[in-house]
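Q: Show me the folded form of this:
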Amino acid sequence: MTTDGARVGERVEGLEVRPVAGYAGAEITGVDLAGHLGDAQVAAIRAALLRWKVVFFRDQRLDHAAHVAFARRFGEPVVPGRRGSASPAGFPEIETTADRLELGGRFGMEHEEWLRRRRHTPLRGWHCDHGARVDPPAATVLRAETVPPYGGDTTWSNLAAAYAGLSAPVRRFVDGLRAEHRLGVGYQPRPGDDAYLRHLLDHQVASVHPLVRVHPETGERVLFVNGYYVEQITGVSRAESRLLLEMLLEQAVRPEYTVRFRWEPGSVAFWDNRATIHLAPGDSAHLGHPRIMHRVMLAGDVPVGVDGSSSEPLTGTEPGRW
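A: Predicted coordinates:
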């Protein structure tokens, strides 16, 4: 991909890009994602995505087929190996977020308890999609079908800006580090037998990624950290790793690098999963309003560090296999 495309405020075949925050997020208007997109429009959306890391569309009328077709203009949709019962039959590329409400129940927990045990600190919820894989998705397209009348916003942070915001000595230091990313990091087990803990141990997914990855399209250096999957920085002690990760995660989610999006029915968010982390909402489950979202993820590559070394699988993952 190149970054050629619509500049801020410039129209390309009716499409206009309007940034909504200083480092991340732009709203794109004047385009019907369910219709035919010209090559110039696709290029403009791609350029905005690479520049602003997440782009937003409102009042779209995408069905499942159109959702997949739109995503396919930007890459190859992955087919997740396991989906819940809420995901649509006949569209294996689409995951419905209501599936996650089933997860706790499979292991004898209410959804709120499962979330609390997974996200027991403010930073634990920040994640990229499938970050424990050796080849995390390149991008995600998330579509809102039904949302609460209030609450339920999602927040993203620009990890390229976070890296650039570090002091030069710290950038040089973290450029050469690597970290283990593992599914289930930080989960707080239930007393006694815990079926979910047994599930995590039986289905481990883990990789070692560079702590700073080089974006394969823009060449930017990206602070590749998150609170959900990162287990430990390799080559340093646990105590050193804990303090370093705390500092880097706080840097990654500084408010100035973030953007928060208010969902409406028909809203679509399209983000670069290689250069962002995001925080799913935690303020709407108690309201009793349904929140149904559908996502398509695009196949990604194996991250490469500043020194040219690639990520390495540890267990439960291999490139291209879902």
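Q: contacts for stretch 235-255?
A: Applying Cβ atoms under 8 Å, 6 or more residues apart in numbering, the external contacts of stretch 235-255 come out as 123, 126, 157, 159, 162, 165-166, 174, 177-179, 211, 223, 225-227, 230, 232-233, 277, 279. From N, CA and C alone the C-beta is placed, and that goes for glycine too.
Q: low-confidence ranges in the protein?
A: 1-10, 98-105, 119-120 (pLDDT under 70).
Q: which residues in it form helices?
A: Here the chain has its helices, by DSSP state H, at 39-52, 64-72, 101-106, 111-118, 159-164, 168-175, 195-202, 238-252.
Q: among those helices, which is the most enclosed?
A: helix 159-164 (a mean of 24; mean count of other Cβ atoms under 10 Å).
Q: can you give me the strands in the stretch 1-150 of the chain?
A: Assigned by DSSP state E, counting those that start in this stretch, the strands in the stretch 1-150 of the chain fall at 11-12, 15-19, 26-29, 54-57, 95-96, 139-146.
Q: Same list, those, but as JSON lines with distance to Leu243 and mean neighbour count please.
A: Putting the strands of the stretch 1-150 of the chain into JSON lines (distance: least, Cβ to Cβ, whole Å; neighbours: other Cβ atoms under 10 Å) gives the following:
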{"stretch": "strand 11-12", "distance to Leu243": "47", "mean neighbour count": "16"}
{"stretch": "strand 15-19", "distance to Leu243": "35", "mean neighbour count": "19"}
{"stretch": "strand 26-29", "distance to Leu243": "35", "mean neighbour count": "19"}
{"stretch": "strand 54-57", "distance to Leu243": "30", "mean neighbour count": "24"}
{"stretch": "strand 95-96", "distance to Leu243": "36", "mean neighbour count": "22"}
{"stretch": "strand 139-146", "distance to Leu243": "31", "mean neighbour count": "21"}
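Q: Could you dump those strands into JSON lines and include distance to Pro216?
A: Listed next are the strands of the stretch 1-150 of the chain as JSON lines, based on distance: least, Cβ to Cβ, whole Å:
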{"stretch": "strand 11-12", "distance to Pro216": "24"}
{"stretch": "strand 15-19", "distance to Pro216": "22"}
{"stretch": "strand 26-29", "distance to Pro216": "21"}
{"stretch": "strand 54-57", "distance to Pro216": "18"}
{"stretch": "strand 95-96", "distance to Pro216": "24"}
{"stretch": "strand 139-146", "distance to Pro216": "12"}
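Q: of all those, which lies closest to Leu197?
A: Across the strands of the stretch 1-150 of the chain, Leu197 has its closest neighbour in strand 95-96 (23.7 Å, Cβ to Cβ).
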